[in-house]
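Novice: Turn this into a structure:
(2 chains)
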Amino acid sequence: MNHLRTCLLNAALALLLGALAMPAVAEPRTPLPNIVKGKGDQCVEPTDVMRRDHMEFLKHQRDGTVHQGIRTKQHSLKGCIECHAVKDDGGEYVPVNAPGQFCNSCHGYAAVSMDCFQCHATTPGK
Amino acid sequence: MSDRSRQPDQERRNFLGTAAAATAALAVAPGLTLFNVAGAKPEDQAVTSENRWGMLVDANKCADGCRACVEACHEENGISSRGRPTTDPQWIRTVTLRDRATGRETRMPVMCQHCEHPPCVDVCPTGASFRRADGIVLVDRHICIGCRYCMMACPYKARSLVHEALDDQVAHNPRGKGCVESCNFCVHRLDEGNPNPACVEACDKDGHKALLFGDMSDPNSELSTALASVATRQIREDLALNTGVRYQGI
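Specialist: Numbers count the residues shown, from 1 in each chain, chains lettered A, B, ... in the order given. The predicted structure follows:
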């Protein structure tokens, strides 16, 4: 019985590994967003948390900043831009909402428009 | 979950309240003076009503033809002109008064007066216009709908609407089309511990020293000392708004 279970587990594992390796070999059915890598190894929160909840962090932070003068760096939009804006070949920062850049890569993919940059600067500033 | 279980724990609150009061009493008891130094606020703490930021403008020292404060303000806050004077935002402007009887001219900068009872806050239908605990009157652009009631209500003509889409904002001063804005005493500088707005810095740099910024709640601040020793006035004192910007020599 134990032997049978081990065999089954192994088979399942092999299948799973195969499935994981697939996208590297074949193109996925739908194009995936190509996310530009930011500075450093780690974002301010785990990646899965950031993906799901970044807008909540930003909203919370903005109210604290505007109304109470709390200017911590942890969840500030300014902080996001400082890490996630990249420079082009000429050494100039590319706006984070430009096509293919950090914010736009997912937002364009998911067709979710963002209003942040009607007011907020899109490149790290002074 | 029933509604009852959502109620705050009153006993816990009472205990915390007593504990906080006891701690505060202990801290003050040994004769320590509690005072606030500008910039002493840690960045993770909210501003409090222990400060009230204000400014004293000495109209006698405001030099003819000088626009240093205006230019410094617009440079600091990323306010660019489109060459349309009727709609270009202005946070600070110079005003010249002429006494018809004597011909004496007085020149001074006028900006948001940071009233204690701001009419712009009274009329705002969305709550975007607000007065921060430390006395700075601001617009929360996330809530502003651009109705411009506050512009109508302000006796000082201090506010502007951004009429055109922008793409040259500075990182510390987000601003955009369809929102009202006005002088914020360079709140980003204050929160970072720099006690001087750009206009004051520019006026000092040019050697005029017509502007003095400080904490009106701190009796030992340079501003409070000046206000206690010279005759100052508020513009439209009759409205009893208790402005944060005071004038000397008008």
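
Novice: Contacts only, for the residue positioned nearest the centre of chain A.
Specialist: Centroid check for chain A by C-alpha atoms, centre = their mean gives A:Arg51 as the closest residue, at 5.7 Å. For A:Arg51, the contacting residues are A:Cys106, by C-beta atoms under 8 Å, 6 or more residues apart in numbering or on different chains. In short, each C-beta sits where N, CA and C put it, glycine included.

Novice: What strand or helix carries it?
Specialist: helix A:47-68 (DSSP states H and E).

Novice: in the chain, what spans have low per-residue confidence?
Specialist: Here I'm looking at chain A. In the predicted model, chain A carries pLDDT under 70 at residues A:1-26, A:126.

Novice: I was thinking of chain B, sorry if that wasn't clear
Specialist: B:1-40.

Novice: Residues of it that sit close to chain A?
Specialist: B:41, B:43-47, B:130, B:132-134, B:138, B:140-142, B:165-166, B:169-172, B:174-177, B:179, B:187-188, B:190-192 (C-beta under 8 Å from any C-beta of the partner chain).

Novice: Distance-wise, check the residue in chain A positioned nearest to chain B relative to B:Arg159.
Specialist: Going by C-beta to the nearest C-beta, chain B is nearest to A:Gly125 of chain A, at 3.0 Å. According to C-beta to C-beta, to the nearest Å, A:Gly125 stands 24 Å off from B:Arg159.

Novice: More neighbours: which of those two?
Specialist: The residue with more neighbours, out of A:Gly125 and B:Arg159, is B:Arg159; 23 against 15, by other C-beta atoms under 10 Å in any protein chain shown.

Novice: Excluding sequence neighbours, find me the nearest residue to the most centrally placed residue in chain B.
Specialist: By C-alpha atoms, centre = their mean, chain B has its centre lying nearest to B:Ile136, at 3.7 Å. Distance criterion C-beta to C-beta, 6 or more residues apart in numbering or on different chains; nearest residue to B:Ile136, sequence neighbours excluded, is B:Phe185 at 5.2 Å.

Novice: try B:Asn60
Specialist: In space, B:Asn60 is closest to B:Gly249, 4.0 Å off (C-beta to C-beta, 6+ apart).

Novice: and what of B:Lys61?
Specialist: B:Ala210 is the one closest to B:Lys61 (C-beta to C-beta, 6+ apart), at 3.8 Å.

Novice: Could you pull up the residues touching B:Ala153?
Specialist: B:119-120, B:122-123.

Novice: so how far is A:Lys87 from whichever residue of chain B sits closest to chain A?
Specialist: Closest to chain A within chain B is B:Ala171: 3.0 Å, counting by C-beta to the nearest C-beta. Noted for B:Ala171: a distance of 16 Å to A:Lys87, by C-beta to C-beta.

Novice: quick one, which of those two is more surrounded?
Specialist: Remark: of B:Ala171 and A:Lys87, B:Ala171 carries more neighbours, 18 against 11, as counted by other C-beta under 10 Å.

Novice: surely that one meets A:Lys78?
Specialist: Yes - between B:Ala171 and A:Lys78 there is a contact under C-beta atoms under 8 Å: 5.6 Å.

Novice: Helices of chain A, residue ranges please.
Specialist: A:2-25, A:47-68, A:77-84, A:102-110, A:116-119 (DSSP state H).

Novice: ok, back up a step: now, the residues of chain B next to chain A that are in helices?
Specialist: Short answer: the residues of chain B next to chain A in helices (DSSP H) are B:187-188, B:190-191.

Novice: how many neighbours does the residue nearest to B:Lys61 have?
Specialist: 25.

Novice: residue contacts, it?
Specialist: B:Ala210 makes contact with B:57-63, B:108-109, B:203, according to C-beta under 8 Å, 6+ apart.

Novice: Pull out the buried positions in stretch A:85-94.
Specialist: Neighbour counts over stretch A:85-94 (16 or more other C-beta atoms under 10 Å in any protein chain shown) mark A:85, A:93-94 as buried.

Novice: does chain B sit close to that stretch?
Specialist: No - counting by C-beta under 8 Å from any C-beta, chain B has no neighbours in stretch A:85-94; the shortest distance is 10.6 Å.

Novice: so how far is the first residue of that stretch from its last?
Specialist: Taking C-alpha to C-alpha, to the nearest Å, stretch A:85-94 runs 6 Å from one end to the other.

Novice: For chain B, just list every one of the strands.
Specialist: B:53-58, B:92-98, B:105-111, B:129-131, B:137-139, B:160-161, B:180-181, B:211-215, B:245-248 (DSSP state E).

Novice: Adding mean neighbour count and distance to B:Cys154, write those strands out as JSON lines.
Specialist: Shown next, in JSON lines, are the strands of chain B (neighbours: other C-beta atoms under 10 Å in any protein chain shown; distance: least, C-beta to C-beta, whole Å):
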{"stretch": "strand B:53-58", "mean neighbour count": "24", "distance to B:Cys154": "17"}
{"stretch": "strand B:92-98", "mean neighbour count": "14", "distance to B:Cys154": "13"}
{"stretch": "strand B:105-111", "mean neighbour count": "19", "distance to B:Cys154": "11"}
{"stretch": "strand B:129-131", "mean neighbour count": "20", "distance to B:Cys154": "10"}
{"stretch": "strand B:137-139", "mean neighbour count": "24", "distance to B:Cys154": "10"}
{"stretch": "strand B:160-161", "mean neighbour count": "18", "distance to B:Cys154": "10"}
{"stretch": "strand B:180-181", "mean neighbour count": "24", "distance to B:Cys154": "10"}
{"stretch": "strand B:211-215", "mean neighbour count": "24", "distance to B:Cys154": "21"}
{"stretch": "strand B:245-248", "mean neighbour count": "22", "distance to B:Cys154": "13"}
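
Novice: For the ones you listed, give me JSON lines that also has distance to A:Gln101.
Specialist: Shown next, in JSON lines, are those (distance: least, C-beta to C-beta, whole Å):
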{"stretch": "strand B:53-58", "distance to A:Gln101": "38"}
{"stretch": "strand B:92-98", "distance to A:Gln101": "35"}
{"stretch": "strand B:105-111", "distance to A:Gln101": "37"}
{"stretch": "strand B:129-131", "distance to A:Gln101": "34"}
{"stretch": "strand B:137-139", "distance to A:Gln101": "29"}
{"stretch": "strand B:160-161", "distance to A:Gln101": "30"}
{"stretch": "strand B:180-181", "distance to A:Gln101": "27"}
{"stretch": "strand B:211-215", "distance to A:Gln101": "39"}
{"stretch": "strand B:245-248", "distance to A:Gln101": "42"}
